[in-house]
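**Q** Provide a 3D model corresponding to the input given below.
(2 chains)
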Amino acid sequence: MATTNTETGATPEAGPLLAEAGRSATATPAPAPRRRVRRPRTTAGKVVLGVVLTVISAVFLYPLVWLIAASLKPRGEVFDNALIPATFSPQNYVEVWDQLPLVNWVTNSFLIAVLAATLVTLSSSLVAFGFAYFRFPGRNILFGLVLATMMLPGAVTMVPQYLIWKNLGVLGTWIPLFGMNLFGSAFYIFLQRQFFLGLPRELFEAARIDGASYFGLFRRIALPLSVPSLVVIFIFEFQASWNNLQSALIYLNAGSVQGFTAPLGIAYAMTKYSPTNGGQGDYQYVMVATLLITLPMLILFAFGQRHFIEGVATEGRKG
Amino acid sequence: MTAESAARIRRPGGKPRKARAHRVKYNRREALAGYLFISPWIVGFLVFMLGAMVYSLVISFSRYNLATNVAKPAGVTNYQLLFQDPKVASSLANTLFYAVMAVPLEICVALGLALLLNRVGRGAGIFRTIYYLPKMTPSVATAAVFLLLLNGNTGAINQALAFFGISGPQWLIDPAWVKPSIVLMTLWGVSGTMVIFLAALKNVPRELYEVAALDGAGPVRKFFSITVPMISGAIFFNVIVLTIAALQVFDQAYMLFWRDQTSASPEASLFYGIYLFQQAFREFNFGFASAMAWVLFVLILLISLIQVRLGNRFVYYEGEKR
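**A** Just a heads-up that it's a prediction; the model follows:
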């Protein structure tokens, strides 16, 4: 990419393209006081705007409300589109556990997501600290390479990575699903480096004089101070891992159904109860399972909303 | 920054005093520590990125035997097969068609929503939260719901259309409507793009609008003469990212059409990513799949380069001298 300008210093200019990328997830505090754009002045204008936004909200909410309703309907009514079920069938939520190994799927997904997110948070921070704090020959070129890999389409490395894991003899294990995360991830390295560059260098210098090792600077100063951005990386990667269908298809599809992750399980359940394969199957179970694997993401959002949106939306643009 | 200026002071002969060691450019100990810190990424890059790409290139010129793990040189056979395979051509056409439809729509819808939200004072947070919920919904969940919403006979979307007297299409069966179906699903999750636009809009200085208003500019003129140039960086970023994503579309197409290897509309719903996946992990034609991957890579590179070229013409960077 043309935007791999890697000037060092307190206000890194990584090019506008990546500045945009940075803003989509950083949680750097203290945004510049922003100026408000002209608001509708008349009451009528406010009402019209409110109505328009509410209608759009309904469109965005409808599929989720529809899903909740469908999960409570008995077989045969799942497709009736009523937002309040004609017949309430809460027993779906009891029966689904016998129908599908949901506990296994959710446990697998949860453990993989925690591993993936923890590993990538730690490794990316380590690498980011290397780029932010130290001076060494080739640093800017290497950081440019980090940024360039963000543009590498996943499809290109899909096959060789599979063969690498195969040759390492770890096919059939979970390692291919999070192993890459040991080595840091370009976007997170970028974010974390920005954060580290914002920390006052005097802190580190004082610690050096007190005899701290380089790793001590990272472990005792940089990491504790960057908890907010570590949380951002963790929840972003947790979400990415939780939603990852393609890797599960490649690495787990051949194994037992109990070993599936949540997304792979939903794909399996959709085929098992497919309405196209023999009319209206027990699709209510698919709906319950779908809702249950969506809920953790909505809960994550409820707790981390500030990180997901507000950090993005209010992140002030400097200069 | 003090460290920055200190670093410029060259110390002939090296060996600076220890307390200032890290201030000196390319102090050996410091450099070594730096390399150690970034070593995880270097290993990952050499093995899983660069190594993988070279490996992929080699395999694309080979016949790969899965049982023995041996890649026998096969010249350009895979590429010849690839260019003769009508499915490669049609899947590429489908993918490009989808991208050309999806990306501009996503940009317009996301920008429209961001402009609306930007005008709200109090309460914007609630709407923003609601609009963001689809982005949090796993793609498989979105697909499981839209499979039923898009059903041509019983789906809610066609029922809503019928309410307005429109007879909706067979979204998931009619070849002409397969790609619009996926575009619709993608648009439901457009809020990520919207949030980036919203952030950009917040940074447009209000004075510009005031000055323009004094000069008698109307809302349309202000939008095209102030808003669009001022957020052109965000537009550019979103176009590139969305294009790369669209060219690799997989999850939705897999969930809606290819879960059980057969599709109700196999011609129209075969995307490049799907066919690549099938060749690699259903047929285990690793050589052919790698050739496909490289063609996609070159294509994405070319398209991105063209976009950057075009982008440089209209993107306004702050502080730029003209």
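
**Q** so who does A:Leu186 touch?
**A** Quick fix: residue A:186 is Ala, not Leu. By C-beta atoms under 8 Å, 6 or more residues apart in numbering or on different chains, the contact set of A:Ala186 is A:Val146, A:Leu147, A:Thr149, A:Met150. (C-beta placed from N, C-alpha, C; glycine too.)

**Q** run the last query once more with 6 Å
**A** Residues near A:Ala186 by C-beta atoms under 6 Å, 6 or more residues apart in numbering or on different chains: A:Val146, A:Thr149, A:Met150.

**Q** among those, which are located in helices?
**A** A:Val146, A:Thr149 (DSSP state H).

**Q** show me which of the contacts of A:Ala186 are buried.
**A** Buried subset of the contacts of A:Ala186 (neighbour count, 16 or more other C-beta atoms under 10 Å in any protein chain shown): A:Val146, A:Thr149, A:Met150.

**Q** filter the residues you listed by proximity to chain B?
**A** Restricting the buried ones among the contacts of A:Ala186 to those near chain B by C-beta under 6 Å from any C-beta of the partner chain leaves A:Thr149.

**Q** which of the buried ones among the contacts of A:Ala186 has the weakest pLDDT?
**A** Across the buried ones among the contacts of A:Ala186, the smallest pLDDT goes to A:Met150, namely 84.

**Q** skip the chain neighbours and tell me the closest residue to that residue.
**A** In this structure, A:Met150 finds its nearest non-sequential neighbour in A:Ala186, 4.5 Å apart by C-beta to C-beta, 6 or more residues apart in numbering or on different chains.

**Q** from A:Lys272, how far out is that neighbour?
**A** Going from A:Ala186 to A:Lys272 by C-beta to C-beta, to the nearest Å gives 38 Å.

**Q** in terms of helices and strands, where is the residue nearest the centre of chain B?
**A** Nearest to the mean C-alpha position of chain B, counting by C-alpha atoms, centre = their mean, stands B:Ala245 at 3.0 Å. Taking DSSP states H and E as the criterion, B:Ala245 maps to helix B:232-247.

**Q** who are the packing partners of that helix?
**A** In terms of contacts (3 or more C-beta pairs under 6 Å, 6 or more residues apart in numbering or on different chains; DSSP states H and E), helix B:232-247 is packed against helix A:15-23, helix B:86-118, helix B:191-202, helix B:286-314.

**Q** among the buried ones among the contacts of A:Ala186, which one sits closest to chain B?
**A** Among those, A:Thr149 lies closest to chain B (C-beta to the nearest C-beta), at 5.6 Å.

**Q** find the nearest non-adjacent residue to that closest one, please.
**A** Distances taken as C-beta to C-beta, 6+ apart put A:Ala186 closest to A:Thr149, at 4.7 Å, once the chain neighbours are dropped.

**Q** residues from the stretch 51-200 of chain A in reach of chain B?
**A** Residues of the stretch 51-200 of chain A lying near chain B (C-beta under 6 Å from any C-beta): A:53, A:57, A:60, A:63, A:67, A:79, A:81, A:123, A:126-127, A:129-130, A:134-137, A:149, A:153, A:155-157, A:159-161, A:180, A:183-184.

**Q** any regions of the chain where pLDDT drops low?
**A** All of this is about chain A. A:1-41, A:275-280, A:308-319 (pLDDT under 70).

**Q** my question was about chain B
**A** In chain B (pLDDT under 70), the answer is B:1-25, B:317-322.

**Q** show me how it divides into domains.
**A** When chain B is parsed with automatic domain parsing, its domains come out as B:2-60, B:80-314.

**Q** these into TSV, with extra columns for distance to A:Val48?
**A** Shown next, in TSV, are these (distance: least, C-beta to C-beta, whole Å):
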stretch	distance to A:Val48
domain B:2-60	51
domain B:80-314	11
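
**Q** most packed of the ones you listed?
**A** domain B:80-314 (a mean of 19; mean count of other C-beta atoms under 10 Å in any protein chain shown).

**Q** of all residues in the stretch 101-250 of chain A, which one is closest to chain B?
**A** Closest point on the stretch 101-250 of chain A to chain B, by C-beta to the nearest C-beta, is A:Phe183, at 2.4 Å.

**Q** what's the burial count for that residue?
**A** Using other C-beta atoms under 10 Å in any protein chain shown, A:Phe183 has 22 neighbouring residues.

**Q** excluding sequence neighbours, find me the nearest residue to it.
**A** Nearest one to A:Phe183, counting by C-beta to C-beta, 6+ apart, is B:Gly44 at 2.4 Å.

**Q** now do the phi/psi pair for that neighbour.
**A** phi -60, psi -40 (degrees, to the nearest 10).

**Q** likewise B:Tyr64?
**A** According to degrees, to the nearest 10, B:Tyr64 has phi -100, psi 120.

**Q** same deal with the one 5 residues further on?
**A** Recorded main-chain torsions at B:Asn69 are phi 60, psi 30, according to degrees, to the nearest 10.

**Q** could you do B:Asn65 as well?
**A** Here is the backbone geometry of B:Asn65 (degrees, to the nearest 10): phi -100, psi 110.

**Q** what residues are up against it?
**A** So B:Asn65 contacts nothing (C-beta under 6 Å, 6+ apart).

**Q** that one and B:Phe286: what is the separation?
**A** 9 Å.

**Q** B:Ser232 - nearest residue in space that isn't next to it in sequence?
**A** B:Val315 (4.5 Å).

**Q** what's the spacing between B:Leu50 and chain A?
**A** For B:Leu50, the distance to chain A equals 9 Å [C-beta to the nearest C-beta, to the nearest Å].

**Q** kindly list the main-chain dihedrals of B:Gly152?
**A** Torsion angles, degrees, to the nearest 10, at B:Gly152: phi -60, psi -30.

**Q** any idea which element the closest residue to it other than its chain neighbours lies in?
**A** Leaving aside its chain neighbours, B:Gly152 sits nearest to B:Gln170 (3.6 Å; criterion: C-beta to C-beta, 6+ apart). Using DSSP H and E, B:Gln170 sits within no helix or strand.

**Q** just to check, B:Gln170 is in contact with B:Asn151?
**A** No - at 8.8 Å, B:Gln170 does not count as touching B:Asn151 under the criterion of C-beta atoms under 6 Å.

**Q** tell me how many other residues crowd A:Ile209.
**A** 11.

**Q** now A:Asn244
**A** 24.

**Q** tell me the phi and psi of it?
**A** Here A:Asn244 shows phi and psi, under degrees, to the nearest 10, equal to phi -70, psi 110.

**Q** in the stretch 101-250 of chain A, what residue spans correspond to helices?
**A** Remark: helices assigned in the stretch 101-250 of chain A by DSSP state H, counting those that start in this stretch are A:102-133, A:139-149, A:154-167, A:175-178, A:186-197, A:201-209, A:214-216, A:223-225, A:227-243, A:246-251.

**Q** so which of these gets nearest B:Ser139?
**A** B:Ser139 lies closest to helix A:227-243 among these, at 5.9 Å (C-beta to C-beta).

**Q** list the buried residues for that closest one?
**A** Of the residues in helix A:227-243, A:229-239, A:241-243 count as buried by neighbour count, 16+ other C-beta under 10 Å.

**Q** angle of that helix against helix A:186-197?
**A** Helix A:227-243 runs at 170 degrees relative to helix A:186-197, counting by axes from the mean of the first three to the mean of the last three C-alpha atoms, to 10 degrees.

**Q** quick one: residues contacting the spatially most central residue of chain A.
**A** Centroid check for chain A by C-alpha atoms, centre = their mean gives A:Phe236 as the closest residue, at 2.9 Å. For A:Phe236, no residue meets the contact criterion (C-beta under 6 Å, 6+ apart).

**Q** for the closest residue to B:Phe281 other than its chain neighbours, grab the count of nearby residues.
**A** Leaving aside its sequence neighbours, B:Phe281 sits nearest to A:Ile250 (C-beta to C-beta, 6+ apart; 5.5 Å). By other C-beta under 10 Å, the residues close to A:Ile250 number 20.

**Q** any idea how far B:Leu208 is from A:Ile250?
**A** 50 Å.
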